[in-house]
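Q: Sequence plus predicted model, see below.
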Amino acid sequence: MPMSWALTVSVVDTVFAALAAWVSACLSAATAVTRSPRTGVMGRFAFLLSA
């Protein structure tokens, strides 16, 4: 039984949204890590203070 196009598009859309969120989280973490030595703000929530 083949998958319908609507189901295929839905699955691809969900996977794309998950990957986009993952990339965004990784870039936010990388930004926080690179800013902390310059700003002197170190800690788990440094990314909240660097905006």
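A: Thanks, I have the structure now.
Q: And the helices in the chain?
A: For the chain, applying DSSP state H gives helices covering 5-39, 46-49.
Q: Give me whichever of the ones you listed is most buried.
A: helix 46-49 (a mean of 14; mean count of other Cβ atoms under 10 Å). All C-beta atoms are positioned from the backbone trio N, CA, C, and that covers glycine.
Q: before we move on, back to that, any idea which of the helices of the chain scores lowest on pLDDT?
A: Mean pLDDT is lowest for helix 46-49 among those, at a mean of 57.
Q: mind checking how far Thr14 is from Ala25?
A: 17 Å (Cβ to Cβ, to the nearest Å).
Q: now Ala32
A: On the measure of Cβ to Cβ, Ala32 and Ala25 end up 11 Å apart.
Q: Could you report the pLDDT at Ile50?
A: Rather than Ile, residue 50 is Ser. Ser50 carries a pLDDT value of 53.
Q: Use 51 as the first number for this chain going forward.
A: I'll keep to 51 as the first residue from here, and by that count the last item is Ser100.
Q: do you know how far Val62 is from Ser54?
A: 13 Å.
Q: Revised request: answer the last question for Thr84.
A: 45 Å.
Q: before we move on, what about Val65?
A: Taking Cβ to Cβ, one finds Val65 at 17 Å from Ser54.
Q: Please apply the same query to Ala82.
A: 42 Å.
Q: now swap in Val61 and tell me
A: Computed with Cβ to Cβ, the distance linking Val61 and Ser54 is 11 Å.
Q: and if you look at Arg85?
A: 46 Å.
Q: for Leu69, same thing?
A: If you go by Cβ to Cβ, the gap between Leu69 and Ser54 works out to 23 Å.
Q: just Arg88 next, same as before
A: 52 Å.
Q: How about Ala75?
A: Taken as Cβ to Cβ, the span from Ala75 to Ser54 is 32 Å.
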